[in-house]
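K.L.:
Okay, here's the prediction I keep looking at, along with the sequence it came from:
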Amino acid sequence: MAYSVSMNSAVPVLPLVVIVGPTASGKSALGVALAKKFGAEIVACDSTQLYRGFDIGTAKPSLAERAGIPHHLLDVLEPRESSTAGEYRERAERVLADLKLRAKLPIFTVGTGLYLRALLEGLAELPQRSEEIRERLRESAAAHTPGHLHAILKKLDAETAGKIAPADKQKIIRAIEVCLLARRPLSEVHRTARKPLLGWTPTKIGLQPPRDALRDRIRTRTDAMLTGGWLGEVRLLLDQGYPEEAKPFDFIGYRELRNVLQKKITLEQARAAIQQSTGQYAKRQLTWFRREHGVHWLAGFGDDQKIQRAAAEFLAGVGFVPLAAGNP
RNA sequence: GGACGGGUGGGUGAGUGGCUAAAACCAGCAGACUGUAAAUCUGCCGCUCCUUGCGGGCUACGAAGGUUCGAAUCCUUCCCCGUCCA
């Protein structure tokens, strides 16, 4: 075993490592470096890397970058499917059960904060989404004045309505949907306990490179993706007959490149738009992760050896035992 | 050389005498977010002061003058830019 097991409770609690950070901060590289050192396997926690065929634009680590370390929860969905936070949790739990059997340390590389929360803290017992209800609500909204949906929610659940902006149609629809399916207010369902992940204790590392440096990184990475055949990947996916409305075609870059293929915008316009959206996305990730509790922050990129060393030292300092092999 | 059109805050661009520190959008910054989350949404956004108030001061619509109680808005000259005519 590469780590010790706490024996002071009836259920042994196993450690797990979480690496959070904005896109292009080098989570994958750091994950692999730490996996080698501590005998771990990588579990991706990224809503976009779940999709088969969407490789370049989602910055899925290549086989070479994986360096022989097994990676889980990549390529588990068909482009037509839609991922959800709840399903992610279930898949991740299955992976954890497997790693536990094989005594491997899990290292989660997480870009999607909601999915990590769903895994670690759990979600309330909420009904799944219902396309019929959503469709009905959308139609109803189109037929009425702007505040219509918000007004409906206010009747069903004033507390939740107070928390959601009248313009936030997406969240209002989900809230109404839950109220209808659960036959009680969302706010009430939220007060029921979540089911946190049992049997595992997370140790969290966060990557927070300087904003300007990150922006540069995003710029050059986008260029590299484009010269690396990203447009061709999009063309291939469309040629394979996947519908344009498929979820992953909405991801940053895929939507822009689709427009390039349809001659709606030029490649240069797409490049600029992608770089911009990616930067904005990184900002949102940072906002989310800042609130994550107990994160050990490192002010740099995960592919930087100094950062990798600092991360390894941190883990060793909190009780993780490096593999002996390779050490003279 | 002549005729038009135009020069507005980081960008695009509205505004043609007071309600204008100047619409709207973008960018930027900050934030929220329990099954679409690479999504969706919110706030701030000239500088500055304080007793943080629908508060005070300063600077601002190419430049300089002028008209007016009051000008981004009217007048004069100048400087740029675009289109057309020579």
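P.N.:
Arrived safely, thanks for sending. This is a predicted model, so every value here is computed, not measured.
K.L.:
When you work out contacts or count neighbours from here on, use the C-alpha atoms and nothing else.
P.N.:
Fine.
K.L.:
packing partners for the host helix or strand of A:Ile307?
P.N.:
Using DSSP states H and E, A:Ile307 sits in helix A:305-317. Secondary-structure packing of helix A:305-317 (3 or more CA pairs under 8 Å, 6 or more residues apart in numbering; DSSP states H and E): helix A:27-38, strand A:295-298.
K.L.:
Nearest to RNA strand B, out of those?
P.N.:
Counting by CA to the nearest atom of the strand, RNA strand B lies closest to helix A:27-38 out of these; the figure is 11.6 Å.
K.L.:
List of residues touching that closest one?
P.N.:
A:2, A:19-21, A:40-42, A:61, A:65-67, A:69, A:105, A:107-110, A:207, A:301-303, A:308, A:311-312, A:320-323 (CA atoms under 8 Å, 6 or more residues apart in numbering).
K.L.:
Okay, and which of these map to strands?
P.N.:
A:19-20, A:40-42, A:105, A:107-110, A:207 (DSSP state E).
K.L.:
Now do the nearest residue to A:Gly147 once chain neighbours are set aside: how many residues are near it, please.
P.N.:
Leaving aside its sequence neighbours, A:Gly147 sits nearest to A:Pro166 (CA to CA, 6 or more residues apart in numbering; 6.3 Å). A:Pro166 has 17 neighbours, counted by other CA atoms under 10 Å.
K.L.:
A:Pro166 falls within a strand, correct?
P.N.:
No - A:Pro166: not assigned to a strand; according to DSSP: H, G, I helix; E, B strand; the rest coil it is coil.
K.L.:
Could you check how far it is from RNA strand B?
P.N.:
7 Å (CA to the nearest atom of the strand, to the nearest Å).
K.L.:
Flag every residue of the stretch 1-150 of chain A that's near RNA strand B.
P.N.:
Contact residues, the stretch 1-150 of chain A versus RNA strand B (CA under 7 Å from any atom of the strand): A:46-49, A:57-60, A:82-87, A:111-115, A:123-129.
K.L.:
buried stuff in stretch A:241-254?
P.N.:
A:248-249, A:252-254 (16 or more other CA atoms under 10 Å).
K.L.:
Centroid-nearest residue for chain A?
P.N.:
Nearest to the mean C-alpha position of chain A, by CA atoms, centre = their mean, lies A:Thr112 at 2.2 Å.
K.L.:
Now for that residue: which residues touch it?
P.N.:
A:Thr112 neighbours (CA under 8 Å, 6+ apart): A:45-47, A:285.
K.L.:
just curious, which of those residues is nearest to A:Gln170?
P.N.:
Nearest to A:Gln170 out of the contacts of A:Thr112 is A:Ser47 (CA to CA; 17.8 Å).
K.L.:
I'd like to know which of the residues of the stretch 1-150 of chain A next to RNA strand B are part of helices.
P.N.:
A:85-87, A:113-115 (DSSP state H).
K.L.:
Do you have the helices of the stretch 151-300 of chain A handy? List them.
P.N.:
Secondary structure of the stretch 151-300 of chain A, counting by DSSP state H, counting those that start in this stretch: helices at A:158-163, A:169-182, A:186-191, A:211-227, A:230-239, A:254-261, A:267-290.
K.L.:
okay, now A:Val17: neighbour count?
P.N.:
24.
K.L.:
For it, give me phi and psi.
P.N.:
phi -110, psi 140 (degrees, to the nearest 10).
K.L.:
Surely it touches A:Pro106?
P.N.:
Yes - using CA atoms under 8 Å, A:Val17 is in contact with A:Pro106, at 6.2 Å.
K.L.:
Quick one, grab the pLDDT at the residue of the stretch 1-150 of chain A found nearest RNA strand B.
P.N.:
Across the stretch 1-150 of chain A, the shortest distance to RNA strand B (CA to the nearest atom of the strand) belongs to A:Thr58, at 3.0 Å. On the pLDDT scale, A:Thr58 is placed at 98.
K.L.:
Could I get the contacting residues of A:Thr266?
P.N.:
A:Val260.
K.L.:
now the residue nearest to the centre of chain A: how far from A:Leu74?
P.N.:
14 Å (CA to CA, to the nearest Å).
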